[in-house]
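Q: just need the structure, nothing else, for what follows:
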Amino acid sequence: MKRIQLYILAFLFIGANLAIAQETQDDKKPQGHINQNKFRQLYQEFSTPNMYRTASGAPGKAYYQQQADYEMDIELDDKNEKLYGVETITYKNNSPDDLAYLWVQLDQNIRAKNSQASLKNGQRIPRLQRASTFVRSYVADPFDGGFNIDYVRDAKGKPLSFTINETMMRIDLPETLESGDKVSFTIKWWYNINNHVKNRARSGFEHFAKDGNNAYVIAQFFPRMAVYNDVEGWQNYQFWGNGEFALPFGNYKVNITVPADHILDATGKLQNRKNVFTKEMMKRYERATNSYDKPVIIVTQEEAEAAEKNFSNKKKTWKFYAENVRDFAFASSRKFIWDMQAVDINGKKVMAVSMYPKEGNPLWEEYSTKAVASTLETYSKHTFDYPYHKAISVHAKNQGMEYPMICWNYGRPNEDGTYSERTKFGMISVIIHEVGHNFFPMIVNSDERQWGWMDEGLDTFMQYLSEQEFAKTYPESVASTGGKYPSRRGEASKIVPYMKGNQTRLSPIMSNPENVFQLGPNAYGKPATGLNILRETVMGREAFDHAFKTYSQRWMFKHPTPEDFFRTMEDASGIDLDWFWRGWFYTTDFVDIGIESVDKYQVGSRKGKNGDFVYFVPEDDVRYTKENEGKSVLDLEANAPLKEYLMDNFSEQERNTMKDPKYFYEVKFNKPGGLVMPIIVECTYEDGTTEMMKYPVQIWRKNDNSAKIVIASSKAIKTLQLDPKLETADVDTSNNAWPTEEGNTDFNKFKENKVKQ
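A: Residues are numbered from 1 along each chain as shown. Next comes the predicted model:
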């Protein structure tokens, strides 16, 4: 009985162990997974195409957008630093939806005393802090710069119900605004103008203590309609400071009253030039409209310096009309010098304009208007002809901000008029960038509040092209840099430090501007670099330029989304780029491709029952002979069957055109980084000659970890260099060479210099 029990126990024990073993084996079975191929299509990421936005990336037949027209009377109180306004908005509902209420942006409320924007970031006590920051944070009474709304009234003067929620205001309509109808209402408001130098604001004034004057750059200064569209309905995301603006197009009729001795310019065409210009200014203006080679001074430095000393108690009203713009801004001061020149944009005359105080000279008089003109020409060549009649660059300390036809730009010489090359190129670059924003997003009107990269990234890419063109047009400006413009962003090597940074502080490009740690590299540098890589390395200039121009022209004066851009670039080029958008825009993956191994082979041939065969012998095989290296494979006795095959199957003429490889190499590439990229290899032969080899990105499509190529050559290879021109943003070039490079080689010197530039 006991023996039987023991047998049973042993059987149970063995069975249990077999079950455990089976479970262990089952655990080792490969698990299922979803499609993670780098080349899978972006169906999960993209919205379904519809009648508003097509799969090609073009506006659909049912595409619509709202229209908001403004009539405004504005008064600048220079003595008390206040701005007053009364505006009438006429809002046309072109959507298929009926609207019970309207949303209006009150972006100026970010500077209200009780603004939540100042509390959006976590706080800590620093070990060291600037005195100005300490005083602003803990000592000074917060500046109260928010809107004061006196009233909101309908077209008959009756009060309208409204609710203010931080930087947004909801206006409740007494009757539903039906599709196709329009409504008019009036808002009266005022606010205290802030000193933009103290708080780094986009709008405000700079005070010049030496002469007691202010220079005003005024924007986001009026309640503005929010966007209503097919993507998300009302775009009423709060203005927190980083994400900029989403605005509908409309027509603006604006009267601006300022001190009589101020010089002023703004968005739109000046309607009463003869009333606000002196006779001498009119003569100079007429000359400027026909001066295509250099600016004409409208208000001289001497005249501006004389005006600084007098503070007129009289007023003057400047009247502007702007058609089909998304915003309005102006600049005003008695300190402004003013110059202009004409630019020929495919037969259309456009005025390039600059306004600056004497503190900007001599730098601004020399370069500002040149930069404006050059920018308009380059952007127009790559997108569409600039449609407005002018573009203005206004000098303002620490500024870099854009609006239709007008922008503010930094770049100030020392008090004695001297300036460094860094200051000069910094000023030219910011002017190019901000003037370029006329194209993105002032005309190609993307949603900056949600997708900062759509304007900043595309504009930074175009800025890079324009900087290089500026250097060609004005070679004397780059004499100190060897004839090349020192662009900060655009080249692939410049983004490497960011892409190989701490992943906890990186965000995908497809992130809201408020949610990223490093907005500059994320929204400006990385998208611009990606587009440059597409143009120079992936697509080629012809395909890229056609697709980019198609996107720009499809979405002129419309509201594109990121998907509209991605789809158009593929639709117009015939190149599948889903792999690039996913990796570069939707992830924080980086490029790191290396040469893992290089194996050398010799060729042998033999006859078989089913035909002639060629076999490869690796270098570590006993059949590999050094004495056969460098000899024609057809001259080797062992390869008689191969020679016979060629003699029997090809004519003499065909054989004369054939290659005669003597060396065979199998090169294996690995990919420690997550991003796929084309493989670009420079091959240097032992005779000193070089050859560039490029393999398409699809080489990674079936194996995301490694790829192999075979090089059959008539010459022995001395070295292989991966990505020799640093055009793929490879974050680690230490694995890019074979044999492995050590020390301060020429390539390492080149690599270090590229990163430093």
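Q: G530 belongs to a helix, doesn't it?
A: Yes. With the criterion set as DSSP: H, G, I helix; E, B strand; the rest coil, the secondary structure at G530 is a helix.
Q: between the two ends of stretch 334-353, what distance do you get?
A: This stretch, stretch 334-353, spans 17 Å end to end (Cα to Cα, to the nearest Å).
Q: before we move on, what about stretch 291-308?
A: Using Cα to Cα, the span of stretch 291-308 from its first residue to its last is 28 Å.
Q: got the contact list for whichever strand in the chain runs longest?
A: With residue count as the measure and DSSP state E as the assignment, the chain has strand 594-608 as its longest strand. When contacts are defined by Cβ atoms under 8 Å, 6 or more residues apart in numbering, strand 594-608 is touched by residues 612-619, 623-625, 628-629, 633, 638-642, 645, 663-672, 706, 717, 720, 722, 732, 735-738. For the C-beta atoms, the positions are set from N, CA and C on the backbone; glycine is no exception.
Q: in strands only, show me those.
A: The strands, defined by DSSP E, take in 612-618, 663-670, 706, 717, 720, 722, 737-738 from these.
Q: all helices for the stretch 301-450 of the chain, in order.
A: Assignment of helices within the stretch 301-450 of the chain using DSSP state H, counting those that start in this stretch yields the ranges 301-308, 363-382, 421-436.
Q: can you list the low-confidence ranges for the protein?
A: Along the chain, the parts satisfying pLDDT under 70 run over 1-27, 117, 119-121, 741-757.
Q: the residue nearest the centre of it - nearest residue in space that isn't next to it in sequence?
A: With distances taken as Cα atoms, centre = their mean, G457 lies nearest the centre of the chain, 0.3 Å away. Nearest residue to G457 in three dimensions, chain neighbours excluded: P527, at 2.5 Å (Cβ to Cβ, 6 or more residues apart in numbering).
Q: quick check: phi and psi at the one you found.
A: The main-chain torsion angles of P527 are listed as degrees, to the nearest 10 and equal phi -60, psi -40.
Q: mind listing what it touches?
A: By Cβ under 8 Å, 6+ apart, P527 lies in contact with W453, E456, G457, L458, T460, F461, I509, F585.
Q: please repeat the previous calculation with a cut-off of 7 Å.
A: Shown in contact with P527 (Cβ atoms under 7 Å, 6 or more residues apart in numbering): W453, G457, I509.
Q: next one: R554
A: So, once contact is read as Cβ under 7 Å, 6+ apart, R554 ends up touching A58, P59, T568.
Q: which of these has the largest number of neighbours?
A: Counting by other Cβ atoms under 10 Å, T568 has the largest number of neighbours within those, with 23 neighbours.
Q: so it is in which element?
A: Element membership for T568, per DSSP states H and E: helix 562-573.
Q: what's the following helix or strand past that helix in contact with?
A: Sequence-wise, the next helix or strand beyond helix 562-573 is helix 578-580, with elements assigned using DSSP H and E. Contacts with helix 578-580, where a contact means Cβ under 7 Å, 6+ apart, come from K38, F39, Q41, L42, L534, V538, V676, V697.
Q: about what we covered before: show me which of the contacts of R554 is closest to H389.
A: Minimum separation from H389 among the contacts of R554 (Cβ to Cβ) is found for P59, which lies at 26.1 Å.
Q: please name the bridge partners of that closest one.
A: When bridges are assigned using DSSP bridges, the partners listed for P59 are R53.
Q: thought it was touching H559?
A: No. Because the distance of 9.2 Å does not satisfy Cβ atoms under 7 Å, P59 is recorded as not touching H559.
Q: which other residues reach the helix holding T568?
A: Under the criterion Cβ under 7 Å, 6+ apart, external residues in contact with helix 562-573 comprise 46-47, 53, 55-58, 451, 454, 510, 539, 543-544, 546-547, 550-551, 554-555, 576-577, 581.
Q: let's see 8 Å
A: By Cβ under 8 Å, 6+ apart, the list of residues contacting helix 562-573 from outside reads 42, 46-47, 53-58, 451, 454, 458, 510, 534, 539, 543-544, 546-548, 550-551, 554-555, 576-578, 581, 585.
Q: check stretch 45-53 too.
A: For stretch 45-53, contacts defined as Cβ under 8 Å, 6+ apart pick out 55, 59-64, 230, 561, 563-564, 566-567, 582, 586.
Q: which stretches of the stretch 51-200 of the chain form helices?
A: Assignment of helices within the stretch 51-200 of the chain using DSSP H, counting those that start in this stretch yields the ranges 131-134, 196-199.
Q: could you dump the last one to PDB, C-alpha only?
A: The reference is to helix 196-199. Output of helix 196-199 as PDB, limited to C-alpha atoms (Å, rounded to 0.1, in the frame of the first residue of the first chain):
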ATOM      1  CA  HIS A 196       7.600  95.900 -22.300                       C
ATOM      2  CA  VAL A 197      11.300  96.100 -21.400                       C
ATOM      3  CA  LYS A 198      10.700  95.400 -17.700                       C
ATOM      4  CA  ASN A 199       8.400  92.400 -18.200                       C
END
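Q: can you offset everything so residue one is 567?
A: Renumbered: residue one is now 567, and that last one reads helix 762-765.
Q: for it, name the packing helices and strands.
A: Other helices and strands packing on helix 762-765, by 3 or more Cβ pairs under 8 Å, 6 or more residues apart in numbering; DSSP states H and E, are strand 770-774.
Q: where's the strand it packs on relative to the chain centroid, distance-wise?
A: Per Cα atoms, centre = their mean, to the nearest Å, the displacement of strand 770-774 from the mean C-alpha position of its chain is 30 Å.
Q: ok, stretch 692-712 next?
A: Using Cα atoms, centre = their mean, the distance between the centre of stretch 692-712 and that of its chain works out at 32 Å.
Q: please apply the same query to stretch 850-864.
A: The answer for stretch 850-864 is 33 Å, by Cα atoms, centre = their mean.
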